[in-house]
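*Asks:* The sequence and its predicted three-dimensional model are supplied below.
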Amino acid sequence: MRHGKKTNHLGRQTAHRKAMLANMACSLIEHKRINTTVAKAKALKVFVEPLVTKCKNDTTHNRRLVFSKLRSKEAVSELFREVAPKVGDRPGGYTRVIKLGSRLGDAAEMALVELVDFNETYNVGEKPKKKKSTRRAGKKKAEDTASTAEPKEASAKETKKQEPKAEESKAEEKKDDKKEE
């Protein structure tokens, strides 16, 4: 019976298991995604998520706690510098485990472990911002208001000169609209 046995020992001694999880966590932080077996992926998720939660509050104490688990200065600095700002508002669930199928050599179930906020494919809530396209017709309104502000004492010659320009600008607008479509 397995009463009260919460930890998956992964067929390793304690020191070997801790070293392996620390190395896998450093690789995950560095590369943002790694391939491993499903059992190791689940164990890694339990190992990494509390560390990411600690990195939200950047204090010397938290850095030392994370360093004691990871044993890599580069991984700790990247965790606090790059990962923490992206996950600052997330309440948990920083990693995602995607099952990939069986490995050819020994038919072990493989999985992809990745940091959630660093995958652009699955970030549905954040859509890329589109540039606001302005139509040329908007500029014409500004010209019309400027022409109405002028005194009405304009001579007949000036009004005749303005009419062909308006027709030319309308033709240019139609050409631009066709190009945009």
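*Replies:* Good, I have the coordinates. Numbering: from 1, shown residues only.
*Asks:* Going by residue numbers, what spans are strands in this protein?
*Replies:* 33-37, 95-102, 109-115 (DSSP state E).
*Asks:* Just put those strands in CSV and tack on mean pLDDT.
*Replies:* Formatted as CSV, those follow (pLDDT from 0 to 100):
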stretch, mean pLDDT
strand 33-37, 97
strand 95-102, 96
strand 109-115, 97
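*Asks:* how close does Lys42 sit to Glu120?
*Replies:* Counting by CB to CB, to the nearest Å, the gap from Lys42 to Glu120 is 25 Å. Any C-beta I mention is one placed from the backbone N, CA and C, and that applies to glycine too.
*Asks:* cool, and Lys54?
*Replies:* Taking CB to CB, one finds Lys54 at 26 Å from Glu120.
*Asks:* Neighbour count for these two, which is higher?
*Replies:* More crowded of Lys54 and Glu120, by other CB atoms under 10 Å: Lys54, with 19 against 8.
*Asks:* residue contacts, the more buried one?
*Replies:* Taking CB atoms under 8 Å, 6 or more residues apart in numbering, we find Lys54 in contact with Asn62, Leu65, Val66.
*Asks:* what about it, distance to Phe80?
*Replies:* 9 Å.
*Asks:* Give me the common contacts of the two.
*Replies:* With CB under 8 Å, 6+ apart as the test, Lys54 and Phe80 both reach Val66.
*Asks:* what about the closest residue to Val48 other than its chain neighbours, neighbour count?
*Replies:* Spatially, and ignoring its direct neighbours in sequence, Val48 is nearest to Ala25 (5.0 Å; CB to CB, 6 or more residues apart in numbering). Close neighbours of Ala25, defined as other CB under 10 Å, add up to 24.
*Asks:* mind listing what Ala25 touches?
*Replies:* Leu44, Phe47, Val48, Leu51, Lys69, Leu70, Ala75.
*Asks:* do Lys42 as well
*Replies:* Asn8, Val97.
*Asks:* Try it again at 6 Å.
*Replies:* Contacts for Lys42 (CB atoms under 6 Å, 6 or more residues apart in numbering) come out as none.
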